[in-house]
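Colleague: Predicted model follows, preceded by the sequence.
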Amino acid sequence: MLFNSLDFFKFFSVVFLFWLVTPSRLKWAILLAASLFFYAWEKPIYLGLLITTILVTYYSALKMDEFKKQMSKKRLFLYLGLLFNLGILIVFKYLGFFTDIASQIAGLFSSTINIEPLKIILPIGISFYTFQSIGYSLDVYYGLRKPEKQLGYFALFVSFFPQILSGPIGRSSELFPQIHQNQNFSWDNIGYGIQRFTWGLFKKIVIADRLDVYVNSIYGNIDGNQGSVLWLGTLLFAFQLYADFSAYTDMAIGVARFFGFKLAENFDFPFISKSVTEFWRRWHMSLSGWLRDYLYTPIQFSKKKWKQWATVYAIFLTFIICGLWHGAKFTFVIFGIIQGLALTYEMLTRDKRQKWSKTFPPLFYNSFSWIVTFIFTLISFVFFRADTTPQAFLLLKKAFSSFYDIHAVKDFIVQAGGIKFLFSMLLLLFFILSDKLFSLSFLNQSKKPFVLNLMVSSLIVLIILFGTFGKVNFIYFQF
Amino acid sequence: MEKYHKQLTQVFRNVFQNNAIEITRSTTAADIDQWDSITHLDLITATEESFSIEITGFDVMGLKNVGDLLDLITRKLED
């Protein structure tokens, strides 16, 4: 169910009414029932998978606590939870990828062996809720928290509908206290929820979905486009991806706030980053924080004796897995590797760069760092967006040979509708310039109520006038 | 405890090359600029050397703040 669909509005209205009239100590049950219904909406069969995940993770955590003095048994139950969560992720997400590689290798040796690549439909949200469950298991294992004893509360932690499809990936330390503390109706929460939801809806249907058309047309014809147009396509894709995913996050945060829940933030203006390290502190923060705590740090400390090479090793392993998390494709592996390269470079030149930053005038050094980081981000996004690896390399080859062909850009604009395209660019420019103002005003409630109302009203006008009311899926739903 | 606190403060100052750093039990990585996922390894290694203890990956994962680190040091030294 898309947040920007009529079905969702109907669903949400019913759930909210039920939630309102239910006594506060039972409100969690309404949210749980709604969440299970929401998840079953597209493919009822996968509800079984979600419920099994909930039960296995719940049970293994209780057992870990029971055996907290017997390390070997405790570890056994950790592995049970991890194996199940990683197992379903691998089966549903990567088995097709592995059988595909196997069939290609078999094809190299003999034409008679025929391995059919498996085609399995990816259960929506699986990458998000398995990661959230794994994080919980590890928190209990490391003794950071007691296991949740009430099964209903735990089920709500895993399945809470605003975040189950695409995050933000929640932490047990943030969500459980909120689930335990009975939430009540508050006008402040409604106001905040409406602001964040409207801002998200604007970014999704006025910005991201408009850009979708142009990006598809450029990336759909890499052969026929000049490097300059391919740069334009990649630039537009970067803003599409940011607008789309941060829109989803805003809507998720807004919807959750109606019920009193505060979800984690996911974005902190990633495109102003002046280094790749900084970029990962600002981009998809709930995932990068998860990877840092549950993957990178354990790997790094497991090779502690290697000193700084432990860090390099941990960076590469983490980012290859980060790439693969996005999808079972080689393009995502390459995306992970080049992020790893950049982060390693930044780690090894840390002291040197600190010196440079003092030698050059700050304005020059900062602008230079920003430009290099942004161009790097665009190049890495080529692997994020391109359908295949050869396509990505072809695009880059052209991007570095015919980037000066301004006439091709002119032709593209005419083809894309001339004034209509330029108007979309005007809307994009408005978004880029006003992103900070809107995001921060809503986030910090830093303006007077009537100013906030005015901002929401003007967004609604823009949505009605310029929204694309089709059905374009959120990009992150496929992960 | 007080003694460990003083010694740990010195470890922090050496690792982050900043003599103005003061730590309390509730200090976290968010409070100190240079303390991030890369320098965390240096900090833990320096703590191990200074107190002559061994800190495992499992120990590290259970740390939420400086207070937890102090408790860990106390536990390791008194075991």
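Modeller: Received the coordinates, thanks. Numbers count the residues shown, from 1 in each chain, chains lettered A, B, ... in the order given.

Colleague: what does chain B have sitting close to chain A?
Modeller: Within reach of chain A by CB under 8 Å from any CB of the partner chain, chain B has these residues: B:37-38, B:40-41, B:44-45, B:56-58, B:60-62, B:64. C-beta here means a position set from N, CA and C on the backbone, and glycine is covered the same way.

Colleague: CSV for those, including neighbour count, pLDDT and distance to residue A:368?
Modeller: Conversion of those to CSV gives the following (neighbours: other CB atoms under 10 Å in any protein chain shown; pLDDT from 0 to 100; distance: CB to CB, whole Å):
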residue, neighbour count, pLDDT, distance to residue A:368
B:37, 22, 88, 25
B:38, 19, 87, 23
B:40, 20, 93, 29
B:41, 21, 93, 29
B:44, 21, 94, 34
B:45, 18, 94, 34
B:56, 11, 89, 42
B:57, 16, 88, 38
B:58, 14, 89, 43
B:60, 19, 92, 36
B:61, 18, 91, 38
B:62, 16, 88, 41
B:64, 12, 89, 38
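
Colleague: Now for the residue in chain B that chain A sits nearest to: which residues touch it?
Modeller: Relative to chain A, the nearest point of chain B is residue B:57 (3.7 Å; CB to the nearest CB). Counting by CB atoms under 8 Å, 6 or more residues apart in numbering or on different chains, residue B:57 touches A:297-298, A:301-302, A:304.

Colleague: Now narrow those residues to whatever sits close to chain B.
Modeller: Within the contacts of residue B:57, those near chain B by CB under 8 Å from any CB are A:297-298, A:301-302, A:304.

Colleague: I'd like the residues you listed laid out as a markdown table, including secondary structure, pLDDT and neighbour count.
Modeller: Below are those laid out as a markdown table (DSSP: H, G, I helix; E, B strand; the rest coil; pLDDT from 0 to 100; neighbours: other CB atoms under 10 Å in any protein chain shown):
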| residue | secondary structure | pLDDT | neighbour count |
| --- | --- | --- | --- |
| A:297 | helix | 94 | 20 |
| A:298 | helix | 94 | 17 |
| A:301 | helix | 93 | 21 |
| A:302 | helix | 92 | 14 |
| A:304 | helix | 90 | 17 |
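
Colleague: of all the residues you listed, which comes closest to chain B?
Modeller: residue A:301 (3.7 Å).

Colleague: Residues of the stretch 301-450 of chain A that sit close to chain B?
Modeller: A:301-302, A:304, A:307, A:310-311, A:347, A:350.

Colleague: ok, so of those, who is nearest residue B:72?
Modeller: Taking CB to CB as the measure, residue B:72 sits nearest to residue A:301 out of these, at 13.5 Å.

Colleague: Roughly how far does that closest one sit from residue A:196?
Modeller: 37 Å (CB to CB, to the nearest Å).

Colleague: Likewise for residue A:109?
Modeller: 55 Å.

Colleague: ditto for residue A:465
Modeller: 21 Å.

Colleague: higher neighbour count, the two?
Modeller: residue A:196 (25 against 8; other CB atoms under 10 Å in any protein chain shown).

Colleague: ok, residue A:461 - contacts?
Modeller: By CB under 8 Å, 6+ apart, residue A:461 has no neighbours at all.

Colleague: Could you look up the SS state of it?
Modeller: helix (DSSP: H, G, I helix; E, B strand; the rest coil).

Colleague: Could you report the pLDDT at it?
Modeller: Model confidence at residue A:461, given as pLDDT, is 94.

Colleague: Over to residue A:296?
Modeller: 96.

Colleague: now do residue A:478
Modeller: pLDDT at residue A:478 comes out at 73.

Colleague: which residues does it contact?
Modeller: A:122, A:327.

Colleague: could you measure it against chain B, distance?
Modeller: From residue A:478 across to chain B, the span is 28 Å (CB to the nearest CB, to the nearest Å).

Colleague: host element of the nearest residue to residue A:258 once chain neighbours are set aside?
Modeller: Once flanking residues are discounted, residue A:258 sits nearest to residue A:193: 4.3 Å by CB to CB, 6 or more residues apart in numbering or on different chains. Counting by DSSP states H and E, the element that carries residue A:193 is helix A:187-202.

Colleague: could you give the angle of the helix or strand where residue A:243 lies to helix A:187-202?
Modeller: Per DSSP H and E: residue A:243 is located in helix A:227-258. Between the axes of helix A:227-258 and helix A:187-202, defined by axes from the mean of the first three to the mean of the last three CA atoms, to 10 degrees, the angle is 160 degrees.

Colleague: Tell me which residues of the helix-or-strand element of chain A with minimal mean pLDDT come out buried.
Modeller: Least confident helix or strand, chain A: helix A:95-109 with a mean of 79, by mean pLDDT, DSSP states H and E. Using 16 or more other CB atoms under 10 Å in any protein chain shown as the test for burial, helix A:95-109 gives A:96-97, A:99-100.

Colleague: One more: stretch A:397-409?
Modeller: A:398-399, A:402, A:405, A:408.

Colleague: now swap in stretch B:10-29 and tell me
Modeller: B:11-12, B:15-16, B:21, B:23, B:27, B:29.

Colleague: Restricted to helices, list those.
Modeller: Among those, the ones falling in helices (DSSP state H) are B:11-12, B:15.

Colleague: low-scoring stretches of chain B, by residue?
Modeller: B:1 (pLDDT under 70).

Colleague: go with 80
Modeller: B:1-3, B:79 (pLDDT under 80).

Colleague: Chain A too?
Modeller: A:96-97, A:100, A:103-104, A:106-121, A:182, A:470-479.

Colleague: got a list of what the residue nearest the centre of it touches?
Modeller: Central residue check for chain A by CA atoms, centre = their mean: the C-alpha nearest the mean position is that of residue A:284, 5.2 Å away. With contact set as CB under 8 Å, 6+ apart, residue A:284 has these partners: A:245, A:266-267.

Colleague: Need the contact partners of stretch A:69-80.
Modeller: Counting by CB under 8 Å, 6+ apart, A:56, A:60-61, A:63-64, A:67-68, A:137-138, A:141 sit against stretch A:69-80.

Colleague: so which of those also contact chain B?
Modeller: Answer for the contacts of stretch A:69-80 near chain B (CB under 8 Å from any CB): residue A:138.

Colleague: Mind checking which of the contacts of stretch A:69-80 land in helices?
Modeller: Filtering those for helices - DSSP H - leaves A:56, A:60-61, A:63-64, A:137-138, A:141.

Colleague: I'd like these written out as a markdown table, with distance to residue A:292 added.
Modeller: Output for those, formatted as a markdown table (distance: CB to CB, whole Å):
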| residue | distance to residue A:292 |
| --- | --- |
| A:56 | 25 |
| A:60 | 24 |
| A:61 | 22 |
| A:63 | 27 |
| A:64 | 23 |
| A:137 | 17 |
| A:138 | 13 |
| A:141 | 17 |
